[in-house]
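Novice: Sequence plus predicted model, see below.
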Amino acid sequence: MKIISLLRHAKSDWQDPALRDFDRPINEKGERVSRAMGQWIASQKIKFDYIIASPALRVEQTLKHFTKGYGNKLTIESERKIYLASSATILDVIRETGEEHDHILVVGHNPGLEDVIFDLVRDNGSSSLRNEVEKKYPTGAYAQLHIEANNWCDIIKHDATLEIFMPPRELDPSFGPDIY
């Protein structure tokens with residue numbers, strides 16, 4: 001079995017409209033959301049074999065605060081292709097991952113991340129979590145997909161099951177819609 005986890009960057013700060021998209025930081029609430037998500041994932045005893053992340057500043061800062069909450073040092077591979085990537089590109093990057101890794105965390109942007117879920121989880125009404133993702137995949141949200149496959153290159157041939165979808169507001173209502 002292979003596991004793909006997806007973490008959307010935390011809410012970005014728009015105080016300086018002159019910044020290019022790539023250079024936008026996260027805001028203060030985004031810092032708190034990132035730490036809280038890291039704490040929650042650690043409390044669930046979730047461990048990643050490999051982490052691939054967009055090099056955008058808001059992703060780097062999300063991971064900085066996530067790691068503080070998670071409590072363990074994480075080795076992160078920055079991958080330019082993940083920046084604003086489509087589902088197809090994200091899946092191509094995942095397929096190129098070494099088979100020694102069984103649980104990958106991809107940290108990036110929408111709509112690519114939610115589209116990975118839509119592409120891998122069958123839309124047959126059997127997944128209430130997929131239905132939640134269809135409503136909104138907010139900033140800072142975490143999802144985990146399980147795939148009955150032995151090789152990353154085979155993931156397209158297999159249906160995934162969305163096992164976890166955790167929007168930040170589920171951890172703390174103060175993280176609610178005003179930050180999305």
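Specialist: Yep, that arrived. Residues are numbered from 1 along each chain as shown.

Novice: Was I right to think residue 78 contacts residue 55?
Specialist: Yes - counting by Cβ atoms under 8 Å, residue 78 sits close enough to residue 55 to count as a contact (4.4 Å). Using the backbone N, CA and C atoms, a C-beta is placed for each residue, glycine as well.

Novice: When those two are compared, which one has more neighbours?
Specialist: residue 78 (16 against 13; other Cβ atoms under 10 Å).

Novice: tell me which residues form a beta bridge with the more buried one?
Specialist: residue 53 (DSSP bridges).

Novice: For it, give me its contacts.
Specialist: Counting by Cβ atoms under 8 Å, 6 or more residues apart in numbering, residue 78 makes contact with 53-55, 60.

Novice: Put together JSON lines for those residues, with distance to residue 176 and pLDDT on each row.
Specialist: Formatted as JSON lines, the contacts of residue 78 follow (distance: Cβ to Cβ, whole Å; pLDDT from 0 to 100):
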{"residue": "53", "distance to residue 176": "26", "pLDDT": "98"}
{"residue": "54", "distance to residue 176": "25", "pLDDT": "98"}
{"residue": "55", "distance to residue 176": "29", "pLDDT": "98"}
{"residue": "60", "distance to residue 176": "25", "pLDDT": "98"}
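
Novice: Of those residues, which is the most crowded?
Specialist: Busiest of the contacts of residue 78 [other Cβ under 10 Å] is residue 54, holding 26 neighbours.

Novice: any idea how far that one lies from residue 80?
Specialist: Per Cβ to Cβ, to the nearest Å, residue 54 is found 8 Å from residue 80.

Novice: Just give the closest residue to residue 75, not the sequence neighbours.
Specialist: In space, and not counting its chain neighbours, residue 75 is closest to residue 51: 6.8 Å by Cβ to Cβ, 6 or more residues apart in numbering.

Novice: which SS state does that neighbour fall under?
Specialist: strand (DSSP: H, G, I helix; E, B strand; the rest coil).

Novice: quick one: it from residue 82, how far?
Specialist: Computed as Cβ to Cβ, the residue 51 to residue 82 distance reads 11 Å.

Novice: In stretch 155-171, which residues are buried?
Specialist: Applying a neighbour-count criterion of 16 or more other Cβ atoms under 10 Å, one finds 155, 160-162, 164-169, 171 buried in stretch 155-171.

Novice: neighbouring contacts of that stretch?
Specialist: Contacts of stretch 155-171 (Cβ under 8 Å, 6+ apart): 2, 4, 33, 36-37, 40, 91, 94-95, 117, 120-122, 127, 129-130, 132-133, 136-149, 175-177, 179.
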